[in-house]
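# Okay, predicted coordinates and the sequence, questions at the end:
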Amino acid sequence: MPRTVLLNPGPVNITDKVRQAMALPDLCHREKEFTDLMAAIRSKLLQAFDIDKEFTSVLVSGSGTAALEMAVSSSLTSGRSMLVIENGVYGERVGKLCDVYNFYRHTIKLDWGVPPNLDDIENILKKQSDIEVVSLVHHETTTGLLNPLQAVGELAKKYGKVFLVDCISSLAGDEMDFSSIDLAVGTANKCLQGVPGVSFVLFRKKDLARLIKIPARTLYFNLTGYHKAQETGGLLFTPAIPAHYALDVALDELIEETVAGRIKRYGDAANFLRHGFKNLGLEFLIPEGWRSNCLTGLKLPKGLGYEKLHAELKSNGFVIYAGQGNLSESIFRIANMGDIKQEEFQRFLKVLKTVS
C-alpha cells in the first residue's frame, strides 16, 4: 500500500535515514555526546547556507513559533519599536507577540495575500525614528505568497534598522539573500526535512553586543541566555533529543543535496503541480511571480466543499491543507515540501482530477 503523502506545509514526509535517526540510543542531554550533537547541528545550519563567518545559531526545543517568540521577545531594545508587516496569519502572529510583550509597534496591515508597498515601508521608516526592528514573514503560508525579502531588507539596511525574518516556511525551499538579514527564524520540520520538536534562530555575531544589553523578558525564550549556554556546550532546559538526532541527519542530507539543489527540486515540483492545476481549470489565489516554491493556494471549485475534497484525497493517500480564517470556506492549499517523489505528484494530480 502506498504511503500517505503529506501535501501540507509541515510536518513533511521525511527520508528513511531521518526516521531511523530517531531510534538512536537514549541519551542524557548533560553528557558529552549531546554536547557534540548540538555543536554539530549548530555548525551544519551555518555551513548549509554558507553564513558561518557572519552568523551564529541558537537551538530551541519547540515548534517554529517557539523560535519566533525567542527572536521577537529578545531583539527589541526597551523604549524602541518594531515595524510589523501583516498580510497573513503569520505576520499577524508577530504582531500578537509584540502585544504579549507590551512592545511599541507600527503596523502595515494588508489583506491576506497582498504584498507590501515598498514606498509605504520607506515612508514609515523615514518618519518613525523610534523603529529599531523591521519584521517580515518571507513565505506567508496562509496564502502561498512570497513576500519581497530582499527589497524590504535593503530598506531596513538603508535606514539602519535590524531586519528580523520569519523564514520558517521558506528556508531551503525558496531563494534567500542573507546579506541584509540580521535575525532569521527557522524550524526543522519544513524544508529542512527534519521532524517537529526543534527550531532555531540565526543571528549576526556583530549584533550580540546589542542583544546582550536587552533585559531578559522571558525565562524559556531568552535568546542570549541560550546562546551563552550553547557556546560553552551547556543547556538551559531539557531538549527534544530524538528531534535533534533527526535534524542532524536531515542537515547532512541538505548539505549533500545543496540548498540550491533543494530549491530547484521544490521549484520543479511546484511548476509541475501548477501546470496540472491549470489543466484542471483550478484558479490560483496568488498571481504568478509572487508565489512561493513550496505551497500553492487554490480556490475551491464551485459546489465542492473542503471537507469532501480532503476526505476523498485522504482516502487515496494524500493529505492537503485547508484555508485559514476568512479563507477557510473558499480555498485549499497544496504544499510540495519534503521528501516527495515525482510519481507521487503525478498520482496526486490523477486522483485530484477524479474528485468532484
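That came through fine.

# From now on I want contacts and neighbour counts done on CA atoms only, so please keep to that.
Fine.

# which residues in the stretch 51-200 of the chain form strands?
When secondary structure is read from DSSP state E, counting those that start in this stretch, the stretch 51-200 of the chain shows strands at 55-61, 81-86, 104-109, 131-137, 139-140, 145-146, 162-166, 183-187, 198-204.

# Could you do the stretch 251-356 of the chain as well?
Assigned by DSSP E, counting those that start in this stretch, the strands in the stretch 251-356 of the chain fall at 283-284, 295-299, 318-319, 321-322, 331-335.

# Let me have those in a markdown table, extended by distance to residue 212.
As requested, those are arranged in a markdown table below (distance: least, Cα to Cα, whole Å):
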| stretch | distance to residue 212 |
| --- | --- |
| strand 283-284 | 45 |
| strand 295-299 | 37 |
| strand 318-319 | 43 |
| strand 321-322 | 40 |
| strand 331-335 | 38 |
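
# could you dump those to a markdown table with mean neighbour count, distance to residue 150 and mean pLDDT?
As requested, these are exported to a markdown table (neighbours: other Cα atoms under 10 Å; distance: least, Cα to Cα, whole Å; pLDDT from 0 to 100):
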| stretch | mean neighbour count | distance to residue 150 | mean pLDDT |
| --- | --- | --- | --- |
| strand 283-284 | 16 | 24 | 98 |
| strand 295-299 | 23 | 20 | 98 |
| strand 318-319 | 20 | 33 | 98 |
| strand 321-322 | 19 | 28 | 97 |
| strand 331-335 | 23 | 23 | 98 |
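
# Surely residue 223 touches residue 71?
Yes - contact status for residue 223 versus residue 71: in contact at 6.7 Å, counting by Cα atoms under 8 Å.

# if we can go back for a sec, now the strands of the stretch 51-200 of the chain in CSV, with distance to residue 266?
Formatted as CSV, those follow (distance: least, Cα to Cα, whole Å):
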stretch, distance to residue 266
strand 55-61, 25
strand 81-86, 26
strand 104-109, 30
strand 131-137, 19
strand 139-140, 14
strand 145-146, 14
strand 162-166, 19
strand 183-187, 17
strand 198-204, 21
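
# out of those, which comes closest to residue 98?
Of all the strands of the stretch 51-200 of the chain, it is strand 104-109 that lies closest to residue 98, at 7.1 Å by Cα to Cα.

# tell me the angle the closest one makes with strand 81-86.
20 degrees (axes from the mean of the first three to the mean of the last three Cα atoms, to 10 degrees).

# picking up where we left off before, for the strands of the stretch 51-200 of the chain, give me TSV that also has distance to residue 94 and mean pLDDT.
Conversion of the strands of the stretch 51-200 of the chain to TSV gives the following (distance: least, Cα to Cα, whole Å; pLDDT from 0 to 100):
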stretch	distance to residue 94	mean pLDDT
strand 55-61	18	98
strand 81-86	7	98
strand 104-109	10	98
strand 131-137	8	98
strand 139-140	12	98
strand 145-146	17	98
strand 162-166	9	98
strand 183-187	12	98
strand 198-204	15	98
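
# Out of those, flag the one nearest residue 319.
Closest approach to residue 319 among the strands of the stretch 51-200 of the chain (Cα to Cα): strand 139-140, 19.8 Å.

# just checking, what packs against the closest one?
Taking 3 or more Cα pairs under 8 Å, 6 or more residues apart in numbering; DSSP states H and E as the contact definition, the neighbouring helices and strands of strand 139-140 are helix 89-100, strand 145-146.
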